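Peer 1: need a 3D model of the sequence below.
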Amino acid sequence: MKKSWTEIKSEIEQEIDVIWYEEPREVKASNRGLFPSGAGSHGMATGNVVYQVADTYAAGFGCAAKAIEKILRDDTYSLDQVKDIFMTLYGSLTERMGGKSPNGAAYMNMPKVWRYYSDIVDSIDNINSKEIFASLFWSFENYIKRLNMWFCQIFTWEVMGGSHFAYGTLHEECCRDQNLSHQRSITMDKIKVTFASGVSVRATLLRDKEPELAESLWQKLETKQKGITHVTVSTGDSFSLFFRPLVEPPKMAGTLRAPIGNRRLFYTELEAGNLLWNNIKMYFCYGPCTEPGLVGAQVAQIDPEDMDTFKSECEEVRNHTYFYHQLAVVSVERDEEA
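Peer 2: Residues are numbered from 1 along each chain as shown. I've put the predicted structure just below:
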């Protein structure tokens, strides 16, 4: 019997809750090199984990996800076209993740990805609006995003070497000048960021520069928020902080393809201490970033007296992915002591 789209969405949301802070069984098995399907070449599982990272990125954060997000917003695409493009992009991608191998095991240890995709396809004729499809896809991509972050965490980045690129002093001087300009126009609403170590730093909301987004974050922090960190692997000295996603997509939210805010920054414009917010996640910058393209709008700046502590704690967040392979949880709240 076919499931309704609400049943599928409810199942996915329940699974997101299960794996948000707890490493799922399929990730634990992959970390041990256990692939019951027999996936791999010459007895090596490293290539499997590369595919796990790459495919979940494409389906959750990258090209496939961004394409569906774009056509859902674009009125020139009909619902039938959205459905067709979704099946074209996600069919073979999810089958490799979790389709059954000859012995019945999920090929890349992700049976639920393939099952959820198959359930969506089975019920697709009963999805009668783009709004409903957007709601269901929102849950589906959030589940895959969380898997991607888990696979990034277990990947053996440390074997790739730990060398740091040398950046010129020109960038640092520009950052110092721009930091001064930031400090001249800030208001006094404060937020507190507490790292996994228990160490806290403070930041100031930039209400005059980004009033809508700053207020949005302030409202979000009416209750203390705890988030999972997702460290960049090529962008530079930065990481994302994801709070548990809402069940429904927010009416206004930024993406890398379509960032929001009054002044949308490029990655290369980011400076140490910049905190960004797009109504879905926060973005922490603690040093130079090199990736081309827009990232979003800055809503807060780490206070100067806490900058050194902030940088060292952010390095520890990075170490949790690159060396410890453990989840680093960071909390953000209004600073009641300010």
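
Peer 1: wasn't residue 238 part of a strand?
Peer 2: Yes. Assessed with DSSP: H, G, I helix; E, B strand; the rest coil, residue 238 lies in a strand.

Peer 1: okay, now it: neighbour count?
Peer 2: Applying other CB atoms under 10 Å, we find 23 residues neighbouring residue 238. Bear in mind the C-beta positions are built from the backbone N, C-alpha and C, glycine included.

Peer 1: please apply the same query to residue 99.
Peer 2: The number of residues packed near residue 99 is 20, by other CB under 10 Å.

Peer 1: and the one 4 residues further on, by the same measure?
Peer 2: Applying other CB under 10 Å, we find 8 residues neighbouring residue 103.

Peer 1: and what of residue 191?
Peer 2: With other CB under 10 Å as criterion, residue 191 counts 24.

Peer 1: go ahead and confirm it touches residue 331.
Peer 2: No. Using CB atoms under 8 Å, residue 191 makes no contact with residue 331, being 10.6 Å away.

Peer 1: for the protein, longest helix please?
Peer 2: helix 130-154 (DSSP state H).

Peer 1: can you give me the neighbour number for the closest residue to residue 189 other than its chain neighbours?
Peer 2: In this structure, residue 189 finds its nearest non-sequential neighbour in residue 205, 4.2 Å apart by CB to CB, 6 or more residues apart in numbering. Residues lying near residue 205 (other CB under 10 Å) number 27.

Peer 1: then the one 4 residues further on?
Peer 2: Residue 209 has 20 neighbouring residues, counting by other CB under 10 Å.

Peer 1: quick check on it: phi, psi?
Peer 2: Residue 209 adopts backbone torsions of phi -90, psi -40, taken as degrees, to the nearest 10.

Peer 1: go on, residue 37?
Peer 2: The phi/psi pair for residue 37 (degrees, to the nearest 10) reads phi -70, psi -20.

Peer 1: quick check, it in contact with residue 99.
Peer 2: No. At 9.2 Å, residue 37 and residue 99 do not qualify as touching, with contact defined as CB under 8 Å.

Peer 1: which neighbours do those two share?
Peer 2: Taking CB atoms under 8 Å, 6 or more residues apart in numbering as the criterion, residue 37 and residue 99 both touch 106-107.

Peer 1: report pLDDT for residue 160.
Peer 2: On pLDDT, residue 160 comes in at 58.

Peer 1: now swap in residue 172 and tell me
Peer 2: Residue-level pLDDT assigned to residue 172 equals 43.

Peer 1: for the remainder of this discussion, apply numbering that starts at 38.
Peer 2: Yep, numbering from 38; the last one is residue 209 now.

Peer 1: where does residue 344 sit: helix, strand or coil?
Peer 2: Three-state call for residue 344 (three-state DSSP): helix.
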